[in-house]
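Enquirer: Here's my sequence, what's the structure:
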Amino acid sequence: MKKSIITLFLAAVSVVSCEPPMPPSDEEMIRHFNTHEAAFRKVYEIMAESSEGSFHYPPLSPEEVIILDSIEQSDISYESNDEQDIPVYGLLKPDRVLLDSLLAEIGCGLVLVDRQERETADSAKLSLVMPYYSNGLAISGTSKSFVYDPGLSNHPVIRITEQGDLNEIYRRTYNDTTLYKPIKGNWYIKLDHER
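Expert: Numbering: from 1, shown residues only. Predicted coordinates:
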């Protein structure tokens, strides 16, 4: 009897441990956003005012860009490190240092910046995706991100829902799914699931 209980327990533990971890709930992510809202807004402000183009920050590969912040001072005595500061996507060293600090505060490892030029205006449409949770491989898995996108609600193909937790919605079907849930203003939670 005792042996069969232990066997059942071990079987239950192995079944539970084989399932992928559950992403944070929408409620947890909204609470996290509200707690760190000033930091999220500051990331947007820096990207809107100081950056150029569409890019990943920090750069995803060292070949993409040479960042002098991480190079130790060499025998070059005629230039200080500040004079050597080369903009990375338009971002100077003080902006990059602040961005690194803000990303650490909000728990997002990077920002995907998408800047699309508008045909009728001098300005560009700026959207940000900040991955917060990811599980799986590049071609299959689940991720949840914080998104800033002023045009998202006008996009005809985008699925935005205010009802139910995004985790529960995708788990009902386990199909490839991309869903958005509004947080505040132009801020959203994005869930991506690929089988």
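Enquirer: any weak-confidence spans in the protein?
Expert: Applying pLDDT under 70 to the chain flags residues 1-20, 61-84, 118-124, 137-139, 174.
Enquirer: at 80 instead, please
Expert: Counting by pLDDT under 80, the chain contains low-confidence ranges at 1-22, 60-85, 117-124, 136-140, 156-157, 170-176, 195.
Enquirer: which residues of this structure fall in helices?
Expert: 2-18, 26-35, 37-50, 93-106, 166-173 (DSSP state H).
Enquirer: right, and those helices - which one's nearest Y148?
Expert: helix 37-50 (5.4 Å; Cβ to Cβ). C-betas here are computed from N, CA, C, even on glycine.
Enquirer: For that closest one, list the C-alpha coordinates in PDB.
Expert: Once non-C-alpha atoms are left out, helix 37-50 reads as follows in PDB (Å, rounded to 0.1, in the frame of the first residue of the first chain):
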ATOM      1  CA  GLU A  37       4.500  52.700 -15.000                       C
ATOM      2  CA  ALA A  38       7.000  55.600 -14.700                       C
ATOM      3  CA  ALA A  39       9.900  53.300 -15.900                       C
ATOM      4  CA  PHE A  40       7.800  52.000 -18.800                       C
ATOM      5  CA  ARG A  41       6.900  55.600 -19.900                       C
ATOM      6  CA  LYS A  42      10.500  56.700 -19.600                       C
ATOM      7  CA  VAL A  43      11.600  53.800 -21.900                       C
ATOM      8  CA  TYR A  44       9.100  55.000 -24.400                       C
ATOM      9  CA  GLU A  45      10.200  58.700 -24.000                       C
ATOM     10  CA  ILE A  46      13.800  57.900 -24.600                       C
ATOM     11  CA  MET A  47      13.100  55.800 -27.700                       C
ATOM     12  CA  ALA A  48      10.700  58.400 -29.100                       C
ATOM     13  CA  GLU A  49      13.000  61.400 -28.500                       C
ATOM     14  CA  SER A  50      16.500  60.000 -28.900                       C
END
